[in-house]
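1. Make a model of this:
(4 chains)
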Protein chains: 2
Amino acid sequence: MRSDDRALLKSTPLFSDLPATAIDRLTYTAFVQNLPAGAVLFQQGDQPEFLYILLSGRVALTGRSAEGDEAVIEFFRRGDVFIAPAVILDLPYLMSTRVLQDARILMIPAEHFRDVLARDPALNAALVRELARHWRLLIRQIKDLKLRTAPQRLAAYLLDLSGGHGGNVLLPEERKLMAGRLGMTPESFSRAFAQLAAEGVTGRGRNVVIADAAHLRGFCAYDDIL
Amino acid sequence: MRSDDRALLKSTPLFSDLPATAIDRLTYTAFVQNLPAGAVLFQQGDQPEFLYILLSGRVALTGRSAEGDEAVIEFFRRGDVFIAPAVILDLPYLMSTRVLQDARILMIPAEHFRDVLARDPALNAALVRELARHWRLLIRQIKDLKLRTAPQRLAAYLLDLSGGHGGNVLLPEERKLMAGRLGMTPESFSRAFAQLAAEGVTGRGRNVVIADAAHLRGFCAYDDIL
DNA sequence: CGGTTGTTTGAGGACGTTCAAGTACTGTGG
DNA sequence: CCACAGTACTTGAACGTCCTCAAACAACCG
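-> Numbering: from 1, shown residues only, chains lettered A, B, ... in the order given. Have a look, this model is predicted:
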């Protein structure tokens, strides 16, 4: 692990409140792995062997149906810790993970993580907050899927990306993958995007402009559904 | 709080590993409220004032769209602790809560809960596991919504209720509410149920029989999607 | 430059919703 | 015990959204 990796850990929500010694205790058995885009870290159903922390690159957690089509559950970026719950409970992963952009990943052996967790109150406290935050993201996604139409979901996602204020937005992923995250096909994504032109959303490639954020919030019930 | 309430708390996953003194510390400012079916505990957007533990009765967490229709996110029953994340983070509730069946609810002041949480490592550890478990339930629900059709979702839910083995199942809620939980209208629920007759699912009222669990698992990709 | 992959667009169809009507339940008061 | 009201549940028809399949176009990368 490089020194800037340590600095990165220290800046994440999970580790920022932990003393350096706690971070050391957690990471001294850990190692860094470099993975190219397209690599699969693990498959759903596997028993968890590591806790993963993304040091750089991008990664997607996906679920796969019996027919083989893939739904993105969530994207992760630099600094994110993922699939902690499976490691904590020592239960099979519910999702698969695919590298989207060449990634450096810190891998903490699951057993070791659980050992430290059993002893370190500060880590428990930090993890409670981390899990609580993530819990809310999942609730929002469920409400999104149950209460909004495809164009509304896209609009809400774009507003999230813009921080709610509109203006210029840079799409973080391919449209194909964003479609999966939003629970629709790439074709539907494309049509949803075309439909948002009438609501003041324009753009080419990965650059998108939200002309009237207030109007778009109304369109997708941004504040009502939270 | 009655003595059998204390016994109930002690039997829940969250509190079972906590010493009695910790439970006392947590509950000495708490009180019990009786609420009739139909009562609303709080609305989405409210600032959290209490952590709720259901001592008896049934309750649903729901999200509401701008048009006013309601989607059930999850049901809770005796012994369940709900909306901990909002209380932990002191952020507005993302959902509303409605009493389905006359309920006795233990209410722990949010401020007090956070105080205890800041001091009690055992509570943190228990909460980490509780949140991790719930996190996995939400992931399953998201995969359900993104990867399965309506009849498949119903089939998977029935299998969950039966413990995966089939046989007799007692529906825990009105079909109307189960429809919301599964992300469909009551009409679609009814049709989905009718469709499952071809897969060996029969029943009248709240009593349902799964004739061939293995077959139904195949139908909804029960083991593939997890 | 050609091959590959991502994106858009069109046509047709499946799934699920909406609206509307009818049936079965549940509980209440006579 | 029955009549009744209110609610839940089912069923049918029409509609809309989203998906599938297919093709054209654009962007990227060797």
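
2. Just the mean pLDDT for the lengthiest helix in chain A, thanks.
-> Of all segments of type helix in chain A, defined using DSSP state H, the longest is helix A:121-147. Averaging the model's pLDDT scores along helix A:121-147 yields 96.

3. tell me which residues in it are buried?
-> Within helix A:121-147, the residues that count as buried by 16 or more other CB atoms under 10 Å in any protein chain shown are A:121, A:123-132, A:134-136, A:138-147. Just so you know, the C-beta spots here come from the backbone N, C-alpha and C atoms, and that holds for glycine as well.

4. Chain A against DNA strand C: which residues are in contact?
-> A:Glu174, A:Arg175, A:Lys176, A:Pro186, A:Glu187, A:Phe189, A:Ser190, A:Arg191, A:Phe193, A:Ala194 (CB under 7 Å from any atom of the strand).

5. Just the buried ones from these?
-> A:Phe189, A:Phe193.

6. Redo the residues of chain A next to DNA strand C as TSV? Include secondary structure, pLDDT and distance to A:Asn207.
-> Formatted as TSV, the residues of chain A next to DNA strand C follow (DSSP: H, G, I helix; E, B strand; the rest coil; pLDDT from 0 to 100; distance: CB to CB, whole Å):
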residue	secondary structure	pLDDT	distance to A:Asn207
A:Glu174	coil	93	14
A:Arg175	helix	95	12
A:Lys176	helix	95	17
A:Pro186	helix	96	19
A:Glu187	helix	96	21
A:Phe189	helix	97	16
A:Ser190	helix	96	16
A:Arg191	helix	97	20
A:Phe193	helix	97	13
A:Ala194	helix	96	16
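
7. isn't A:Gly63 right next to A:Ala71, touching?
-> Yes. Using CB atoms under 8 Å, A:Gly63 makes contact with A:Ala71 at a distance of 5.1 Å.

8. Please identify every residue contacting each of those two.
-> Common neighbours of A:Gly63 and A:Ala71 (criterion: CB atoms under 8 Å, 6 or more residues apart in numbering or on different chains): B:Lys143, B:Lys146, B:Leu147.

9. Tell me the spacing between the first one and chain A.
-> Right, B:Lys143. Computed as CB to the nearest CB, to the nearest Å, the B:Lys143 to chain A distance reads 4 Å.

10. what does chain A put close to DNA strand D?
-> Within chain A, the residues that sit near DNA strand D (CB under 7 Å from any atom of the strand) are A:Asp69, A:Thr149, A:Ala150, A:Pro151, A:Gly183, A:Met184, A:Thr185, A:Glu187, A:Ser188, A:Ala192, A:Arg204, A:Gly205.

11. ok, which stretches of chain A are helices?
-> A:3-11, A:20-27, A:84-89, A:110-119, A:121-147, A:150-161, A:175-181, A:186-196, A:213-220, A:222-225.

12. So which elements touch the shortest one?
-> In other words, helix A:222-225. When contacts are defined as 3 or more CB pairs under 8 Å, 6 or more residues apart in numbering or on different chains; DSSP states H and E, helix A:222-225 sits against helix A:121-147, helix A:150-161, strand B:50-64.

13. circling back to that earlier point, same list, the helices of chain A, but as CSV with distance to B:Asp24 please.
-> As requested, the helices of chain A are exported to CSV (distance: least, CB to CB, whole Å):
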stretch, distance to B:Asp24
helix A:3-11, 37
helix A:20-27, 29
helix A:84-89, 27
helix A:110-119, 24
helix A:121-147, 20
helix A:150-161, 42
helix A:175-181, 45
helix A:186-196, 54
helix A:213-220, 46
helix A:222-225, 39
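
14. what's the closest non-adjacent residue to the residue in chain A that DNA strand D sits nearest to?
-> Closest residue of chain A to DNA strand D, CB to the nearest atom of the strand: A:Ser188 (2.8 Å). Residue nearest to A:Ser188 in three dimensions, not counting chain neighbours: A:Ala150, with 5.3 Å by CB to CB, 6 or more residues apart in numbering or on different chains.
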